[in-house]
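Participant: I'd like to go over a predicted model; first the sequence, then the structure.
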Amino acid sequence: MSNLAQKRILLGITGGIAAYKSIELIRLLTKAGADVQVVLTEGAKAFVTEMTLQAISGHPVRSTLLDPNAEAGMGHIELAKWADLIVIAPASADFMARYAQGMANDLLSTLCLATESPVLLAPAMNQAMWRHPATQANTKLLTERGVLSIGPADGAQACGDIGPGRMSEPSDIFNTIMTHFDKTQVKQDLVGQHWVITAGPTMEAIDPVRFISNHSSGKMGYALATAAIARGATVTLISGPVQITAPAGAKIILVKSADEMLAACEQSMITQADVFIGAAAVADFKMKAACDQKMKKQSDTDEITLTLVKNPDIIATLAQQKRAKTLVGFAAETQNVIEYAKSKLERKGLDIIIANDVSRADIGFNQDDNQVTVITKDKTWSPDKTTKNALAGQLVEFIQQQTQS
């Protein structure tokens, strides 16, 4: 059963183009068994309709502080007491400013002041607004008061600007909510442990505009980081270029190349880590010498020769250096999956290897589901196909059991 089953979540939506993403967030929450009620600000009504939100949540949508029907029973106070968690997604600069100053001039801001439950903000605004000293000061003040937050993400914005200010994706907000409740429900048996996890692809430069890479989305590695954090671990997440938000509580180190990833791993494990999980899809080869300038087409030939050399074997290097007490690798294969995985386990000196068949369209790169075979020196375990988030919890449990045996 999901840890969100019967959890009462109040979703506040403020004015901004990102409001449409909250429809997907409601769907994810209700699918996981949560009871969701929605509160709109006046600005939000310009972007999403009450009828749509009511149909998805199964509850009437509230937007008015002085609602004669609701106020007959002091409705706003009852709603503030009802929620196990209040989530504001998107949280506009205006709302954050009013919340920081303790204003209660609409239903949503009043609920945030009247509740004793945690509040999670998912900021969304223009990149200049996010960077403005006033917004940064409000964010700092709210954080100091114990308000939780996720994002904002970096990227292209509806206004045409590029930079920080995009609301985190609904799936990332959902995972953060899951982690929040995990911390109150899941055993905290990883407290005091340091887990280092790599995720995503690496990018090996050919020239300033071209590179060698692969289709890894980073979802499995990020899910593992989320699951370990939920059980109390201190997690360092070393990530190649991905389009997902790091889980709340992780120390994130962003890298591009395999050389950078290895250096970040070694630096993060100067003191021996408890667990290392190499979930990243590291490119096997890189250019012997990347070009300083863009390579131009040659009119007299249809072919080009690139000289490649092997990248460092990150996990084998860390195993040789004994950087972690338990080393876990991944084997993404398209054929002879189990045979190749067992060879890799022995050849690289790993404790556990997790093999998956990336030739399958339903569980390969960029998919939300996965199915793996977990192999150690003396056992093999094949959990059922499930979501990467659910699988991550099972894998963390397996790894922890192995470390204790």
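Facilitator: Yes, it's here. All values derive from a computational prediction rather than experimental measurement.
Participant: okay, CA-based contacts and neighbour counts for the rest of this
Facilitator: Noted.
Participant: tell me the pLDDT of residue 189.
Facilitator: Residue 189 carries a pLDDT value of 87.
Participant: checking my notes, it in a helix, right?
Facilitator: No. Checked against DSSP: H, G, I helix; E, B strand; the rest coil, residue 189 lies outside a helix; its state is coil.
Participant: pLDDT wise, what is residue 1 at?
Facilitator: pLDDT, residue 1: 42.
Participant: scratch that, residue 163
Facilitator: Note on residue 163: pLDDT of 79.
Participant: least confident secondary structure element in the chain?
Facilitator: Between all helices and strands in the chain, the lowest mean by mean pLDDT, DSSP states H and E belongs to helix 68-71, at a mean of 56.
Participant: so after that helix, what's the next helix or strand?
Facilitator: Note on helix 68-71: by DSSP states H and E, the next helix or strand toward the C-terminus is helix 75-82.
Participant: packing partners for that next one?
Facilitator: Counting contacts by 3 or more CA pairs under 8 Å, 6 or more residues apart in numbering; DSSP states H and E, helix 75-82 packs against helix 107-114.
Participant: and the helix it packs on with helix 75-82, angle?
Facilitator: Taking axes from the mean of the first three to the mean of the last three CA atoms, to 10 degrees, one finds helix 107-114 and helix 75-82 inclined to each other by 50 degrees.
Participant: contacts for the following helix or strand past helix 107-114, please.
Facilitator: Heading C-terminal from helix 107-114, the first helix or strand you meet, by DSSP H and E, is strand 119-123. Applying CA atoms under 8 Å, 6 or more residues apart in numbering, the external contacts of strand 119-123 come out as 85-93, 112, 147-152, 165-168, 173.
Participant: three-state assignment of residue 389?
Facilitator: With three-state DSSP as the basis, residue 389 sits in helix.
Participant: actually residue 164, sorry about that
Facilitator: Using three-state DSSP, the structure places residue 164 in strand.
Participant: nearest spatial neighbour of it, skipping sequence neighbours?
Facilitator: Leaving aside its chain neighbours, residue 164 sits nearest to residue 154 (4.0 Å; criterion: CA to CA, 6 or more residues apart in numbering).
Participant: isn't that neighbour up against residue 169?
Facilitator: No. Taking contacts as CA atoms under 8 Å, residue 154 lies outside contact range of residue 169: 11.2 Å.
Participant: ok, the two, which is more surrounded?
Facilitator: For residue 154 versus residue 169, the count of surrounding residues by other CA atoms under 10 Å is larger for residue 169: 21 against 17.
Participant: ok, the residue sitting furthest away from the middle of the chain to residue 348 distance?
Facilitator: Computed with CA atoms, centre = their mean, the residue of the chain farthest from its C-alpha average is residue 300, at 47.7 Å. Computed as CA to CA, to the nearest Å, the residue 300 to residue 348 distance reads 45 Å.
Participant: kindly report the same for residue 279.
Facilitator: Residue 279 is 15 Å from residue 348, by CA to CA.
Participant: neighbour count winner among those two?
Facilitator: Taking residue 279 and residue 348 together and counting by other CA under 10 Å, residue 279 has the greater number of neighbours (26 against 18).
Participant: need the pLDDT of the more buried one.
Facilitator: Residue 279 is assigned a pLDDT of 95 by the prediction.
Participant: and residue 72, by the same measure?
Facilitator: pLDDT recorded at residue 72 is 49.
Participant: try residue 75
Facilitator: Predicted confidence (pLDDT) for residue 75: 58.
Participant: quick one, domains of this structure?
Facilitator: Split into domains by automatic domain parsing, the chain comes to 8-180, 188-293+301-404.
Participant: now do the shortest one: distance from first to last residue.
Facilitator: Which is domain 8-180. End-to-end distance for domain 8-180: 13 Å, by CA to CA.
Participant: check the last one too.
Facilitator: Distance between the boundary residues of domain 188-293+301-404 (CA to CA) amounts to 15 Å.
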